[in-house]
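**Q** I would like the atomic coordinates for the input below:
(one chain, ligands or ions: 2)
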Amino acid sequence: MLDDEFQISRDGKASLVSIICPSFEAHKDEVESANSLKELRELLRTLGIETGDEYIQNKKTVESGTMLGTGKLKEIAVKAKEEGSDLLVFDFELTSSQIRNIKKITGLSVVDRCHIILEIFAEHARTRDAKIQIEIARLQYLLPRLSGFWSHLGRQRGAVGVIGGEGEQQIELDRRIIRDRIEFYKKQLKEIAKSREQQRKKRKDRAVTAALVGYTNAGKSSVMNRLCRVDILEENKLFATLDSTYRTLNPDTHPPMILIDTVGFIQNLPNTLIEGFKTTLESALEADLLIIICDMSDPNYRKHLKVTRDVLAELGVENKEMLVVFNKKDLLNNKIQEKIIRRTESGSFVVSTHDTGDMDELRQHIINYFLDKQNHYDLFIPYEEGSAHAVVSSKTNVMASENHETGIFYRIRVPEFIFNGLRLHSYILAPEDVEKL
Ligand SMILES: Nc1nc2c(ncn2[C@@H]2O[C@H](COP(=O)(O)OP(=O)(O)OP(=O)(O)O)[C@@H](O)[C@H]2O)c(=O)[nH]1
Ligand SMILES: [Mg+2]
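**A** Ligands and ions are numbered 1, 2, ... in the order given. Here you go, the predicted model:
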């Protein structure tokens, strides 16, 4: 029953509601509110819900019970009904009592931005892990809002005032059920985290990793697909990817290089979701390099970059090595703007995933980044030491080799922790010996 009530119908039409209020950070002026509403429309499009007009109220302070003024809400309700909407979507988080009050005043279904994002996450979760995380986030969102949903139920059944008796008891019961369910899922998640940790440790000894992070729809999965020549779901939808996916970037280097695709970020992400996805992100964020993908064709790309950096800071990895890649340059098609972007973000890349030249260059740049971090060793191995030659060619990166009378000179690159396990120490040449060769 709760699930039915929580589910948003896809058949109806939704009107969008927002506010401009100086004390409300994400909606402090016209531009901020308009940008956020544009994004809300995209979120609804991703869910397949038709959107109608948007209604915005300019206010000096928000009303604690209803956010917007009662008169304005009534006016919105009339217009929304006229345009055939049965749902009002508020572009900010609403409390349980606000949902209840607004429903009462407008006679329409009411949901907020967080609810929409949760719904998308629920729909896009594919692995067991992601499904559990999203379920926990959904339940945590629902818990303090139960009475809001219950008042709606009561009204639907024509039992106005039900909240006082039967409703209250039912809410208490539901709360307990939900808390138990959250505990149950959290335990399952711990088990999954344990095996993930083991996998991560194994990988750490055998590979170097770079994680693709960034705002939703920036093109992370597309970059991954082009660079690793694989086929991960890339879609013009928000939050197409919810799980971290690992693919080999270059199997020919030693150790292999691995790219990780991750869940996208968005402004005003509900706290329950940040919490829920921390574990999914954590293993990715332990990568040796973070590659931030940013859609430069979006007029709000600066804001997106800031949100990405803020989330990374919140996750405590702001000091990691990062490479910023501005994507979708084909859509921007503006050389001057490109130059400005390049200049303001020094060391960044400007690419299109549709341009194979760009992708080859980026791929090589990442490979070189890892190779440059490896130690150099000069070795001289006599011809008769067959197995040592085999180790060099199969486990290290040979930068140069030279045949001499009694053996082969190799200049190799390999991380120290790998070299230490290769039993090649006795072949290392001192710099003066290299010169004599
Ligand atoms: N024009 C153009 N479109 C691109 C480019 N790169 C990606 N896209 C498109 O942008 C949309 C989003 O790409 P994804 O790779 O799914 O983006 P993402 O960052 O993985 O998104 P989420 O998983 O939702 O966070 C898709 O429709 C891609 O085809 C590009 O360089 N140019
Ligand atoms: Mg993706």
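
**Q** Based on its surroundings, how many neighbours for whichever residue of the stretch 251-400 of the chain sits closest to ligand 1?
**A** Nearest residue of the stretch 251-400 of the chain to ligand 1, counting by Cβ to the nearest ligand atom: residue 264, 2.5 Å away. For the C-beta atoms, the positions are set from N, CA and C on the backbone; glycine is no exception. Other residues near residue 264 come to 24 when the count uses other Cβ atoms under 10 Å.

**Q** mind listing what the closest residue to it other than its chain neighbours touches?
**A** Take residue 264 and drop its neighbours on the chain: the residue closest to it by Cβ to Cβ, 6 or more residues apart in numbering is residue 216, 2.9 Å away. Contacts for residue 216 (Cβ atoms under 8 Å, 6 or more residues apart in numbering) come out as 238, 239, 240, 264, 265, 266.

**Q** Isn't residue 47 up against residue 9?
**A** No: counting by Cβ atoms under 8 Å, residue 47 stays clear of residue 9, with 10.4 Å between them.

**Q** Report pLDDT for the residue of the stretch 251-400 of the chain closest to ligand 1.
**A** pLDDT for residue 264: 87.

**Q** Now do it against residue 406, distance only.
**A** Remark: distance between residue 264 and residue 406 (Cβ to Cβ, to the nearest Å) = 58 Å.

**Q** do residue 420 as well
**A** 26 Å.

**Q** Residue numbers of the stretch 201-350 of the chain in contact with ligand 2?
**A** 220, 221, 240, 241 (Cβ under 5 Å from the ion).

**Q** Spit out the contact partners of the second one.
**A** Which is residue 221. By Cβ under 8 Å, 6+ apart, the residues touching residue 221 are 232, 233, 234, 240, 241, 261.

**Q** try 10 Å
**A** Residues counted as contacts of residue 221 (Cβ atoms under 10 Å, 6 or more residues apart in numbering) are 212, 230-235, 240-241, 245, 261-262, 264, 293, 353.

**Q** Ok, the third one next?
**A** Under the criterion of Cβ under 10 Å, 6+ apart, the contact list for residue 240 reads 46, 120, 124, 216, 217, 220, 221, 232, 233, 234, 263, 264.

**Q** a markdown table please, covering those residues and showing secondary structure.
**A** Listed next are these as a markdown table, based on DSSP: H, G, I helix; E, B strand; the rest coil:
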| residue | secondary structure |
| --- | --- |
| 46 | helix |
| 120 | helix |
| 124 | helix |
| 216 | coil |
| 217 | coil |
| 220 | helix |
| 221 | helix |
| 232 | coil |
| 233 | coil |
| 234 | coil |
| 263 | coil |
| 264 | coil |
